[in-house]
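Engineer: what's the 3D shape of this:
(one chain, ligands or ions: 1)
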Amino acid sequence: MKKDEYIGILTSGGDASGMNAAIRAVTRTAIFNGFKVKGIYRGYEGLIAGESRELTTEDVSSIIQRGGTILQTARSEAFTTPEGRREAYDTMRKEKIGALVVIGGDGSLTGARIFAEEYPVTCIGLPGTIDNDLYGTDFTIGYDTALNTIVECVDKIRDTATSHDRIFFVEVMGRDAGFLAQNSAIASGAEAAIIPEDRTDADQLETFIGRGFRKTKNSSIVIVTESPGNKNGGAMHYADRVKREYPGYDVRVSILGHLQRGGAPSANDRILASRLGEAAIQALMEDQHNIMVGIHNNEIVYVPFDQAIKNDKPIDKNLIRVLNELSI
Ligand code: ATP
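Structural biologist: From the prediction side, this is the model:
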């Protein structure tokens, strides 16, 4: 990496709390080590259009505590085409951007991988997604904050559920991954979680009903991963089924939606983003390229893009047992 070139940084895909802390860490570590940084706006859209400007240490002051991303984010149809990526490469050369730090999820890192295969650009990825679904890293930036938000919401829903003797199906994000649902269920004392990784998800509901939860409890909360991942559908689907099959139960649905994404990042997300952002620049200085920087057993790890994207990150099956045992 030449010091007369810029390190470009962008955020892409869905926003996640802690992205700003990562932008700050990348910018400050780069400047500390004698590099110049350009912030690229609106993800790959801005990379193509040349929407970027130099970032100073002051530009990233007072952002560590803010949710969302000061660079904004976008989903770019153009970048999925060879023509779009050619334009992005031309713009990078014109703007003297020699390396790219991409903060985003699965899709964003797939884009970075393809781009780096086609053109001589160095790409370093940082896992930024609330879904926690990137293989090779124990945690992604934004996951912990979203998890805490869900738990806070479920605590409130629990008050209503117990006051009215109701079953609540609470739908949370996660796409194809059940980390948010499974762990928020444990943390909020929910009675069950219905997650995509448990391939017998139809039976998950039967098991829950069959356990005779009404003998010991007058209310229940079931956390369900949103429907893109759950092939049988989200919370609405399960609520309709229970209403049909058990007309005596008072069933309600709560879809938490976008409130799960925003808000001030948790301390854990701020620390994770700071460590990963710092490590991204260390990786560039070590001449690493086309890797995602992640964390495993509390150590920084470099994960080739291919591995991070292609492999399904497994959920710890012990968590399913823990929830089952503790929700009797
Ligand atoms: P989140 O997990 O929060 O949804 P994400 O990074 O997975 O984040 P996507 O919408 O899947 O979000 O991807 C973000 C952007 O990455 C896309 O809009 C597109 O510009 C780029 N991208 C995704 N897949 C590809 C691909 N196969 N080739 C090139 N670019 C891609």
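Engineer: so how far is residue 178 from residue 148?
Structural biologist: Here residue 148 is placed at a distance of 17 Å from residue 178 (CB to CB, to the nearest Å). For glycine as for every other residue, the C-beta is placed from the backbone atoms N, C-alpha and C.
Engineer: Look at the two and report which has more neighbours.
Structural biologist: Higher neighbour count among residue 148 and residue 178: residue 178, with 29 against 18, using other CB atoms under 10 Å.
Engineer: which residues does that one contact?
Structural biologist: 193, 195, 196, 197, 198, 225, 229, 315 (CB atoms under 8 Å, 6 or more residues apart in numbering).
Engineer: what's the burial count for residue 276?
Structural biologist: When neighbours are counted by other CB under 10 Å, residue 276 registers 31.
Engineer: Please tell me how far the closest residue to the ligand within the stretch 201-328 of the chain sits from residue 237.
Structural biologist: Sorted by distance to the ligand under CB to the nearest ligand atom, the residues of the stretch 201-328 of the chain start with residue 261, at 8.5 Å. In this structure, residue 261 and residue 237 are separated by 23 Å, where distance is defined by CB to CB.
Engineer: Just to be sure, residue 300 is in a strand?
Structural biologist: Yes: the secondary structure assignment for residue 300 places it in a strand, going by DSSP: H, G, I helix; E, B strand; the rest coil.
Engineer: pretty sure it contacts residue 274?
Structural biologist: No: checked against CB atoms under 8 Å, the pair residue 300 and residue 274 is beyond contact range at 11.7 Å.
Engineer: between those two, who's got more neighbours?
Structural biologist: Neighbours were counted for residue 300 and for residue 274 using other CB under 10 Å; residue 274 has more, 20 against 16.
Engineer: Please, which helix or strand holds that one?
Structural biologist: Applying DSSP states H and E as the criterion places residue 274 in helix 267-285.
Engineer: Format the CA atom coordinates belonging to stretch 12-21 as CSV.
Structural biologist: Output for stretch 12-21, consisting of C-alpha atoms alone and laid out as CSV, is shown next (Å, rounded to 0.1, in the frame of the first residue of the first chain):
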residue,chain,number,x,y,z
SER,A,12,-22.7,-1.3,2.5
GLY,A,13,-25.9,-3.3,2.9
GLY,A,14,-28.1,-3.0,6.0
ASP,A,15,-26.9,-0.5,8.6
ALA,A,16,-25.7,-1.9,11.9
SER,A,17,-24.9,-0.1,15.2
GLY,A,18,-21.1,0.1,15.6
MET,A,19,-20.4,0.9,12.0
ASN,A,20,-19.4,4.4,13.0
ALA,A,21,-17.1,3.1,15.6
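Engineer: quick check, it touching the ligand?
Structural biologist: Yes: with CB under 6 Å from any ligand atom as the criterion, the ligand is reached by stretch 12-21 at 12, 13, 14.
Engineer: can you pull the contacts of the closest residue to residue 160 other than its chain neighbours?
Structural biologist: Spatial nearest neighbour of residue 160, chain neighbours left out: residue 166 (7.0 Å); criterion: CB to CB, 6 or more residues apart in numbering. Taking CB under 8 Å, 6+ apart, we find residue 166 in contact with 160, 219, 250, 251, 252.
Engineer: Top of the residues of stretch 12-21 next to the ligand by number of neighbours, please.
Structural biologist: residue 12 (31 neighbours).
Engineer: That one against residue 106, yeah?
Structural biologist: No: taking contact to mean CB under 8 Å, the distance of 10.7 Å between residue 12 and residue 106 leaves them out of contact.
Engineer: Which parts of this structure are strands?
Structural biologist: In chain order, the chain shows strands spanning 6-11, 36-40, 52-55, 97-104, 122-127, 167-172, 192-194, 220-225, 251-255, 291-296, 299-304, with DSSP state E as the criterion.
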